[in-house]
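Asks: I would like the atomic coordinates for the input below:
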Amino acid sequence: MSLLSFDTATDYFLLTFVTVVLMCMIGVIVSKLLTSSAKPFSQLKSFESCKSPDCFRCAKVKDVLNVSFQRFLQYSRKTVTVNPADENMGLDRIKHSFHESLLTENSTDMTEMETIAHNQSYMLQQHSQKPVIFSLLDLKSEPFWDGVLKDDILKLEKNYEIIMDEFNAIFYHGKASDGWAMNSTPTGTWSIFCFINQGSVIPQNAELCPKTWQIVQSLQNLMTDCVFGNVAFSVIYRGTKITEHYGPTNIRLRCHLALQAPSSGSLTVNGISKKWKEGKCLLFDDSFLHSVEYHKASSRTESTPDGHSVLSSQASPDLTAETGNQDECTGEENACIRSILMLDFWHPGLTDKERKALGYSFSTLGTCVES
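Replies: Residues are numbered from 1 along each chain as shown. This next block holds a predicted model:
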């Protein structure tokens, strides 16, 4: 009888133990499933937050807006003190925009820059303009721009070969290996060599490309001394995809001067895709949803004169004909790249007064490689 009781107790203990273990395992599995389903936009995330506590893109939006708004009020008071008759200063649009941005930010629980930039609701509402940090009201918006900033665009295109020569020196010949930084992407490789990074000049990089830096400094509408302003060489390798995201503001236009433009690379803004042309500029508003992709070579079957089938990995003839660019890789490490000089310009719809006020309000807060 005692033996039977012992077996029964042992069986009960074992059953209880197995049940607890199974429940723990199920709990872990369910927890992982819930975590992954709570962030369905994680696969769209292109960029990692930097480690700098001063980086404005990785700071809390509310904090950035509060600091910038206080600077705007300080600028307004200082200007009125200098010229009391100019009380309004033509800056009402900026004041209203700050109020609107702060009202919107205070009504949401989202705080992290990276969370907002890649928020699921933003990603689902594609083909729209959603500046991540600051949106100026009543400012003309177009995904791509033509016929504006003509003098600056012309100067860049005329000096394409000079800029290209200095790019070759620092990229292919190892002249500035320490000056390059990596941006994170879901696939491929993306490298940046900054001259201006979130409004801060990188002097050691500028010194390595003196002619390019001189050209950049001569541009009339370049966004300087402002956290939204950047100038950099940007390189992506074949197979790289920079997923859809929004820029921080609509008060700038971003320019790409194409240095090397493979035919299978494309820039998509608000659902409109365009290809770079070497020596030419693409001007666009990056506060619209935008992405970049440099496709891998697609293999296709072709027939030889003797009737046999072979695989070809060349770019589509249609793409090459459209852009005039070749897309051939020689097998060298750096042969299959898309390279550009990236610059940020003040939006042409801003007045000189607004430029000065916005530049003061969003003066340099920190440095970080921007998306």
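Asks: what's around M25, how many residues?
Replies: If you count neighbours by other CB atoms under 10 Å, M25 ends up with 10. Backbone N, C-alpha and C define where each C-beta goes, glycine included.
Asks: wait, V231
Replies: A total of 26 residues lie near V231 under the criterion other CB under 10 Å.
Asks: what pairs with it across the strands?
Replies: Note on V231: beta-bridge partners I196, L343, judged by DSSP bridges.
Asks: would you confirm that it contacts L257?
Replies: No: V231 is beyond contact range of L257, at 10.5 Å (criterion: CB atoms under 8 Å).
Asks: what residues do these two have in common as contacts?
Replies: Shared contacts of V231 and L257, defined by CB atoms under 8 Å, 6 or more residues apart in numbering, comprise L341, M342, L343.
Asks: now flag whichever of the residues you listed is closest to F17.
Replies: Compare each of the shared contacts of V231 and L257 with F17 using CB to CB and the shortest gap goes to M342, at 61.2 Å.
Asks: how far away is the closest one from N168?
Replies: The spacing between M342 and N168, counted by CB to CB, to the nearest Å, is 17 Å.
Asks: comparing those two, which residue is more hemmed in?
Replies: In terms of neighbours (other CB under 10 Å), M342 is the more surrounded of M342 and N168; the figures are 18 against 15.
Asks: measure E161 to G179 for me?
Replies: According to CB to CB, E161 and G179 sit 22 Å apart.
Asks: neighbour count winner among those two?
Replies: Legend: neighbour count by other CB under 10 Å for E161 and G179, higher for G179 (19 against 9).
Asks: apart from its chain neighbours, what residue comes closest to the more buried one?
Replies: Nearest residue to G179 in three dimensions, chain neighbours excluded: N205, at 4.7 Å (CB to CB, 6 or more residues apart in numbering).
Asks: just give me the neighbour total for that neighbour.
Replies: Here the number of neighbours of N205 (other CB under 10 Å) works out to 23.
Asks: is it correct that it is in contact with N197?
Replies: No: counting by CB under 8 Å, N205 stays clear of N197, with 9.0 Å between them.
Asks: pull up the overlap in contacts between the two.
Replies: Taking CB under 8 Å, 6+ apart as the contact rule, N205 and N197 touch no residue in common.
Asks: what residue ranges in the stretch 151-300 of the chain are flagged as low confidence?
Replies: Low-confidence segments of the stretch 151-300 of the chain, defined by pLDDT under 70, are located at 176, 297-300.
Asks: can you give me the strands in it?
Replies: According to DSSP state E, counting those that start in this stretch, the stretch 151-300 of the chain carries its strands in the segments 180-183, 190-197, 200-201, 231-237, 241-245, 252-260, 265-269, 272-274, 281-284, 290-294, 300-303.
Asks: follow-up on the earlier one: name the nearest of the shared contacts of V231 and L257 relative to N183.
Replies: N183 lies nearest to M342 out of the shared contacts of V231 and L257, by CB to CB, at 11.6 Å.
Asks: the residue nearest to N230 when sequence neighbours are not counted: what's it in contact with?
Replies: Taking CB to CB, 6+ apart as the measure, N230 lies nearest to D344, with 5.1 Å between them; neighbours along the chain are not counted. The neighbourhood of D344, defined by CB under 8 Å, 6+ apart, consists of L222, M223, F228, G229, N230, V231, R252, L253, R254, C255.
Asks: same check on Q260?
Replies: For Q260, the contacting residues are E278, I337, R338, S339, taking CB under 8 Å, 6+ apart as the criterion.
Asks: okay, now the third one: neighbour count?
Replies: For R338, the count of nearby residues is 28 (other CB under 10 Å).
Asks: what residues of the helix or strand hosting it count as buried?
Replies: R338 is part of strand 337-346 when elements are defined by DSSP states H and E. Of the residues in strand 337-346, those scored as buried under the neighbour-count criterion (16 or more other CB atoms under 10 Å) are I337, R338, S339, I340, L341, M342, L343, D344, F345, W346.
Asks: tell me which of those residues is nearest to K155?
Replies: Each of those was scored against K155 by CB to CB, and L343 proved nearest at 11.1 Å.
Asks: report the separation between the closest one and Y246.
Replies: The spacing between L343 and Y246, counted by CB to CB, is 19 Å.
Asks: and L283, how many neighbours?
Replies: Residues contacting L283 under the criterion other CB under 10 Å number 20.
Asks: quick one: contacts for it?
Replies: F144, W145, D146, V148, L149, I153, L253, R254, C255, F345.
Asks: now with 6 Å, please.
Replies: Counting by CB atoms under 6 Å, 6 or more residues apart in numbering, L283 makes contact with W145, L253, C255.
Asks: how far away is it from F144?
Replies: Applying CB to CB to L283 and F144 gives a distance of 7 Å.
Asks: same deal with P210?
Replies: Look at P210 and F144: by CB to CB, they are 32 Å apart.
Asks: so between these two, which is more surrounded?
Replies: Of the pair P210 and F144, F144 is the one with more neighbours under other CB under 10 Å, namely 15 against 10.
Asks: beta-bridge partners for the residue lying closest to that one once chain neighbours are set aside, please?
Replies: Of all residues not flanking F144 in the chain, F284 sits nearest, at 5.0 Å (CB to CB, 6+ apart). On the basis of DSSP bridges, F284 is bridged to F144, R254.
Asks: F284 and S266, how far apart?
Replies: F284 sits 12 Å away from S266 when distances are taken as CB to CB.
Asks: can you check D178 too?
Replies: Applying CB to CB, one obtains 31 Å for the distance of D178 from S266.
Asks: so for those two, which residue has more residues nearby?
Replies: Using other CB under 10 Å, the more surrounded residue of D178 and S266 is S266, with 18 against 8.
Asks: can you count the residues close to the residue nearest to that one when sequence neighbours are not counted?
Replies: Nearest in space to S266, with sequence neighbours left out and distances taken as CB to CB, 6+ apart, is S273 at 4.9 Å. Around S273 there are 10 other residues, counting by other CB under 10 Å.
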